[in-house]
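Visitor: Here is a sequence together with a model predicted from it:
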Amino acid sequence: MAKKTPADASPVAHFEQSLDELEQLVEKMEHGDLTLEASLAAYERGVGLYRQCQAALEQAELRVRLLTDPGQPESGEPFAPAPDGR
């Protein structure tokens with residue numbers, strides 16, 4: 001059995017792929033061509049992808065805090081939201 005590398009186990013490693021898939025799902029749903037069942041499945045998948053992206057961002061932020069001050073990562077300040085709210 002192949003061992004997972006730390007990058008494979010990390011949500012950060014798959015962030016861009018998850019974000020791209022989420023954007024594609026949103027685009028499909030916005031067109032309104034999906035059946036109700038397909039829309040529900042796409043929404044469910046989208047929620048999962050959103051959660052993966054959120055976990056990846058939180059993990060990336062923690063890694064930056066640890067790199068900035070490995071002795072006291074809890075003393076780091078949360079990142080300020082971007083002016084456009086993203």
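Guide: Alright, I've got the coordinates. Numbers count the residues shown, from 1 in each chain.
Visitor: Quick check: which ranges of this protein have low pLDDT?
Guide: Screening the chain residue by residue with the criterion pLDDT under 70, one finds the ranges 1-10, 73, 75-80, 82, 84-86.
Visitor: What's the separation between the residue minimising distance to the centre of the chain and residue 62?
Guide: The centroid of the chain falls nearest to residue 53 when counting by C-alpha atoms, centre = their mean (0.6 Å). Taking C-beta to C-beta, to the nearest Å as the measure, residue 53 and residue 62 are separated by 15 Å. C-beta here means a position set from N, CA and C on the backbone, and glycine is covered the same way.
Visitor: before we move on, what about residue 21?
Guide: Residue 21 sits 24 Å away from residue 62, going by C-beta to C-beta.
Visitor: quick one, which of the two is more surrounded?
Guide: Each of residue 21 and residue 62 has its neighbours counted (other C-beta atoms under 10 Å); residue 21 has more, 17 against 13.
Visitor: isn't residue 42 right up against residue 27?
Guide: No. Between residue 42 and residue 27 there is no contact under C-beta atoms under 8 Å: 10.3 Å.
Visitor: more crowded one of these two?
Guide: When neighbours are counted by other C-beta under 10 Å, residue 42 and residue 27 differ, and residue 42 comes out ahead with 16 against 9.
Visitor: name the element that one belongs to?
Guide: Taking DSSP states H and E as the definition, residue 42 sits inside helix 36-68.
Visitor: For that helix, buried residues please.
Guide: Across helix 36-68, burial judged by 16 or more other C-beta atoms under 10 Å covers 42, 46, 49, 52, 53, 56, 65.
Visitor: chain center to it: distance?
Guide: Between the mean C-alpha location of helix 36-68 and the chain-wide mean there is a distance of 3 Å, by C-alpha atoms, centre = their mean, to the nearest Å.
Visitor: can you check stretch 29-46 too?
Guide: In terms of C-alpha atoms, centre = their mean, the centre of stretch 29-46 is found 20 Å from the chain centre.
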